[in-house]
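*Asks:* Just to be clear, the model below is a prediction. Sequence and coordinates:
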Amino acid sequence: MIISRRTFLSGAAAAAAATIIRPANARAESGEPIATLIDISLCDGCEGKDSPLCIQACRTKNRANFPKPDQAMLKDYWPKEYHEDWSSKQDVITRLTPYNWLYVDEIYLEIDGEDKRINIPRRCMHCDKPPCVELCPFGTAKKSSSGPVYIEQALCFGGAKCRSVCPWHVPQRQAGVGIYTKLDPIPIGGGSMFKCDLCRDLLAQGQDPVCMSACPRKAMLIGPRAEIEAEAQRRADQLGGYIYGKDEHGGTTTLYVSQYSFKQYDDYMIEDVDPKSVMRFHKPDNKAEDAGSLAKMALLAPFVGALGAFATTINKQQKGNPDEKD
C-alpha cells in the first residue's frame, strides 16, 4: 500500500496528540484554561454515514435542551412584523439553528485542476474576549473561567444582540420560549438564543465534549490551552499549513489547522447564496472593544438591570426556590 505524504503526516499528528494531550480527568482537576483543536486535514465528513457522527452525538446529547415553543407565543417582534421559528425545521443540519449547534461545512477547492471537497466542523468559537458576553444587555451570555462561552436560556430575552455582535453570527433565536413569555405583553424580547456550550457539564465531570468523543478520525481534540496551541503549531508545520483562531478576533478557544489557506475557504464562502447561514473565515474586529457599542449598553444598563432582576425572581419562583441566591 502506498501512503501519501498527507496521510502520513495526518496520522503522525493524531498519534502525537494521543500521547501529548493530558486525559480529561487530569484537566478537570487542574482547573486550567482549555482550548480545542479541529484538524481539517483529518475530517472526511464521516463519508458513507447518514450524517457526520459529531452532529449526531451533539443532537442526541442536547435534545433535552432544545426549545419547545409555546405556539400561542409565536408572536412578531414588536414593532417588526416577523419572528424566527425553527420548530418545523428541527431536522436541518447544514447550518446552525436553535436545534443544531454544530454542522460540517462542505467546501470545494480547485486543487491541481480538480475539485477537492473539504469538510469543516463549525460551531461556536468560544472567544477569549467574547462580545456576546460583554454586550449582552441582559447579562445571560457568560464565559467560564476554563474557556467555554454559554447562554443561560432560562433568563434570555432573545434580543439577539449576541448574534449581531458575534463575528460568526453563531447564536440562533427561537421565538415562543424563554422568560419574556411570562412578561407578555411587555414589548421586549423575542424568545431565547441557543448555541454550543462545549458540553460544559461534561467538562466539569472530566469528560470530553460528545462531538470529540464521537469523531472516528479524532479530528477534534481538547486539552490545556498551552498544549493545544503547541499541538496546533506542530501540525501546521508538518502540513506546511495554517492556523486559524489563535489571533483572529483577539484569540479564541477554538483553533483550526489546515493545509490550505483560510482565505481560500473564505473566498468560496463569499459566493454562498444564503449569507445569513455562512460562518466565514476572516479576521474580524472585536465589537466588545467598540466604544460606541459599549456606550449604548451603558445607557441601557439601569433598565436592563431592573428587568433582569425581575426575570430572575420569576424564574426562581417557577423552580420553587424563591430564596435561592445566585
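*Replies:* That came through fine.
*Asks:* I figured residue 53 hits residue 214, correct?
*Replies:* Yes. Counting by C-beta atoms under 8 Å, residue 53 touches residue 214, with 4.5 Å between them. Every residue, glycine included, has its C-beta placed from N, CA and C.
*Asks:* low-confidence ranges in the stretch 1-150 of the chain?
*Replies:* Scanning the stretch 1-150 of the chain for pLDDT under 70 picks out 1-20, 22-31.
*Asks:* Break down it into its strands, ranges please.
*Replies:* 34-39, 103-111, 114-122, 141-143, 149-151 (DSSP state E, counting those that start in this stretch).
*Asks:* From the contact counts, what lies against the last one?
*Replies:* It refers to strand 149-151. Secondary structure elements in contact with strand 149-151, counted by 3 or more C-beta pairs under 8 Å, 6 or more residues apart in numbering; DSSP states H and E, are helix 131-135, strand 141-143, strand 192-194.
*Asks:* Over to the third one?
*Replies:* Packed against strand 114-122, as judged by 3+ C-beta pairs under 8 Å, 6+ apart, are the following elements: strand 103-111.
*Asks:* in its sheet, what does the strand it packs on sit against?
*Replies:* strand 114-122 (antiparallel) (DSSP bridges).
*Asks:* Give me the three-state assignment for residue 164.
*Replies:* helix (DSSP: H, G, I helix; E, B strand; the rest coil).
*Asks:* And it, how far from residue 170?
*Replies:* 11 Å (C-beta to C-beta, to the nearest Å).
*Asks:* Comparing these two, which shows the higher neighbour count?
*Replies:* Taking other C-beta atoms under 10 Å, residue 164 and residue 170 do not tie; residue 170 has more neighbours (24 against 14).
*Asks:* quick one, what contacts the more buried one?
*Replies:* By C-beta atoms under 8 Å, 6 or more residues apart in numbering, the contact set of residue 170 is 96, 123, 124, 125, 132, 163, 195, 196, 279.
*Asks:* Please repeat the previous calculation with a cut-off of 7 Å.
*Replies:* Residue 170 makes contact with 96, 124, 195, according to C-beta atoms under 7 Å, 6 or more residues apart in numbering.
*Asks:* Residue 173 too?
*Replies:* 84, 98, 158, 160, 163, 190, 191, 193.
*Asks:* mind running it again at 8 Å?
*Replies:* 84, 98, 158, 160, 163, 190, 191, 192, 193, 194.
*Asks:* which SS class is the residue nearest to the first one when sequence neighbours are not counted?
*Replies:* Going back to what we said before, that points to residue 84. Spatial nearest neighbour of residue 84, chain neighbours left out: residue 173 (4.7 Å); criterion: C-beta to C-beta, 6 or more residues apart in numbering. What three-state DSSP gives for residue 173 is strand.
*Asks:* Quickly list what residue 173 is bridged to.
*Replies:* Counting by DSSP bridges, the residues bridging with residue 173 are residue 193.
*Asks:* how much space between it and residue 240?
*Replies:* 41 Å.
*Asks:* Show me what counts as buried in stretch 177-186.
*Replies:* Using 16 or more other C-beta atoms under 10 Å as the test for burial, stretch 177-186 gives 177, 178, 179, 180, 181, 183.
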